[in-house]
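K.L.:
when you get a sec, could you give me coordinates for this:
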Amino acid sequence: MQKISFIIVILFLLSTILSAQDSLQWTDSFTEATEKAKNENKVIMIDFSSDRCGWCKKLHETTFQDSNVIELLKDNFVLIEINTSIEKNKDFANHYNVTGLPTTIFVNPDSSEIDRIIGYLPAEQFIKKANFILNNRDYFSDLLKNAELYPDSIDIHKELAETHKRRGNYDRAEEMYNSILKWIEKASPMDTLIIKIPEIQAEMAMLYYKRYQYTKALERLIKIENEYPDYSNKDMIIFNQALCLYRLNNFLKATNSLQKIINDFPRSSIKEDAEEFIKYLSTKAEEEKL
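P.N.:
All right, here's what the predicted structure looks like:
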């Protein structure tokens, strides 16, 4: 009996050690993280989340528990966890223009931002993005230089506009999208650039969404759907319409839009998201009745 008890204790200790080895080490001190990043030549990863954020919880329970993610982050990043529910952390979140949760920001040891991930990503996609950031520490400064070197490159300027949008620089992003649209409109009708118009229009619609102008965003998205019926990302346009309708508290119309994705785009990569969103809307509708 004593031998069995001894084995159980040993197994428990081993499992505890392995669990500790597989867990990520977080700090809430930017000063401490900066010093460590300088000494070890690592990138700082700041996870902005809150106690009330369901996608934040999912990020920590799934992506940040994946063994490959853990290995990548342990070897190459210094990790900061910032709970925005705590009053003292709100100024820090504002400093980095955090407008939604979860937001994961990657910065150099000198505190300059490299890039960010907005929202939840599953492990495989997170690893791909983190590796890109790791290998492109001067991403934003290089992008600015390339925009100057190639003033007529729509792809470079579009990428820069998208980066400004991710960083919360919405006015600058809108300026750039408007400029890109003007360039495209000057192109000949047969030019392949014309196909980018609905894509740029969709980006601008979501700038309205980011500014809480949900009605204007919805109107623009509906216009894109009507004017470009063959647009390749039509399912995403409809999904974003559902987001706007949800924000406008029109749960029924939002649900109908999501159901349209499921019915009309059975192979859509966002079909599962649409199904999950419908479940969430159903819960919200029930709460409204109480």
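K.L.:
work out which residue lies at the spatial centre of the protein.
P.N.:
Nearest residue to the geometric centre of the chain (Cα atoms, centre = their mean): Ile118, 2.1 Å.
K.L.:
how near is Val107 to Glu87?
P.N.:
Applying Cβ to Cβ, to the nearest Å, the value for Val107 to Glu87 is 23 Å. Bear in mind the C-beta positions are built from the backbone N, C-alpha and C, glycine included.
K.L.:
quick one, which of those two is more surrounded?
P.N.:
Val107 (24 against 7; other Cβ atoms under 10 Å).
K.L.:
so the more buried one makes contact with Ile114?
P.N.:
Yes - between Val107 and Ile114 there is a contact at 6.3 Å, judged by Cβ atoms under 8 Å.
K.L.:
shared neighbours, those two?
P.N.:
Common contacts of Val107 and Ile114, defined by Cβ atoms under 8 Å, 6 or more residues apart in numbering, comprise Val43.
K.L.:
how far away is Lys165 from Ser282?
P.N.:
31 Å.
K.L.:
these two - which one has more neighbours?
P.N.:
Using other Cβ under 10 Å as the criterion, Lys165 and Ser282 rank with Lys165 on top: 21 against 12.
K.L.:
residues contacting that one?
P.N.:
Ala173, Glu203, Met206, Leu207, Lys210.
K.L.:
quick one: the strands in the stretch 101-250 of the chain?
P.N.:
Assigned strands in the stretch 101-250 of the chain, in chain order: 103-107, 113-118 (criterion: DSSP state E, counting those that start in this stretch).
K.L.:
quick one: the shortest one to strand 113-118, angle?
P.N.:
Put simply, strand 103-107 runs at 170 degrees to strand 113-118, going by axes from the mean of the first three to the mean of the last three Cα atoms, to 10 degrees.
K.L.:
what lies in contact with strand 103-107?
P.N.:
Residues contacting strand 103-107 (Cβ under 8 Å, 6+ apart): 43-48, 77, 96, 98, 113-119, 130, 133.
K.L.:
what strands line up against that strand, and which way round?
P.N.:
With DSSP bridges as the test, strand 103-107 is paired with strand 43-49 (antiparallel), strand 113-118 (antiparallel).
K.L.:
state the mean pLDDT of that strand.
P.N.:
Throughout strand 103-107, pLDDT has a mean value of 97.
K.L.:
next: the last one.
P.N.:
Predicted confidence along strand 113-118 averages 95 (mean pLDDT).
K.L.:
ditto for stretch 172-189
P.N.:
Here the average pLDDT along stretch 172-189 is 86.
K.L.:
cool, and stretch 48-61?
P.N.:
94.
K.L.:
circling back: out of the strands paired with strand 103-107, deepest packed?
P.N.:
strand 43-49 (a mean of 22; mean count of other Cβ atoms under 10 Å).
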